[in-house]
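**Student:** Please work out how this folds:
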Amino acid sequence: MWSWMRALRELELLNRFPTLMQVWQFLLLSEKNLLKRRQFHTLAITIGVIHAAIWKHHWQCVIEGNPWSLEAYLSTVRSQRFDLGLNFHDFDCLA
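**Tutor:** As a prediction, the model looks like this:
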């Protein structure tokens, strides 16, 4: 759980998703008219980046026997953020 919150902070999304329950509600499309909102795709990509980074580092722990590294995980999140052009400065407009 703390990995999600650290990544949300890294991506400046804590205003939009202050709790993990709100992340799950987003993933379950439980917000009314969510798909019609302009920012849906942007938010879906950023949540996907976090999920993919957790999954990647989870399997490095399981298969390769490496210990979990928060810094390596956050480095992956940062790398994907910039590879995908997700240079966000202010997510207040996404609230």
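**Student:** which helices and strands sit right next to the longest helix anywhere in the chain?
**Tutor:** The single longest helix within the chain, with elements called by DSSP state H, is helix 40-64. Helices and strands touching helix 40-64, as assessed by 3 or more C-beta pairs under 8 Å, 6 or more residues apart in numbering; DSSP states H and E, comprise helix 2-10, helix 20-27, helix 70-83. From N, CA and C alone the C-beta is placed, and that goes for glycine too.
**Student:** Flag the shaky bits of the chain, pLDDT-wise.
**Tutor:** 1, 33-38, 86-95 (pLDDT under 70).
**Student:** now with 50?
**Tutor:** Across the chain, the ranges flagged by pLDDT under 50 are 90-95.
**Student:** Need the helices and strands packed on helix 40-64 in TSV (columns: distance to residue 41 and mean neighbour count).
**Tutor:** Formatted as TSV, the helices and strands packed on helix 40-64 follow (distance: least, C-beta to C-beta, whole Å; neighbours: other C-beta atoms under 10 Å):
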stretch	distance to residue 41	mean neighbour count
helix 2-10	18	16
helix 20-27	12	14
helix 70-83	15	15
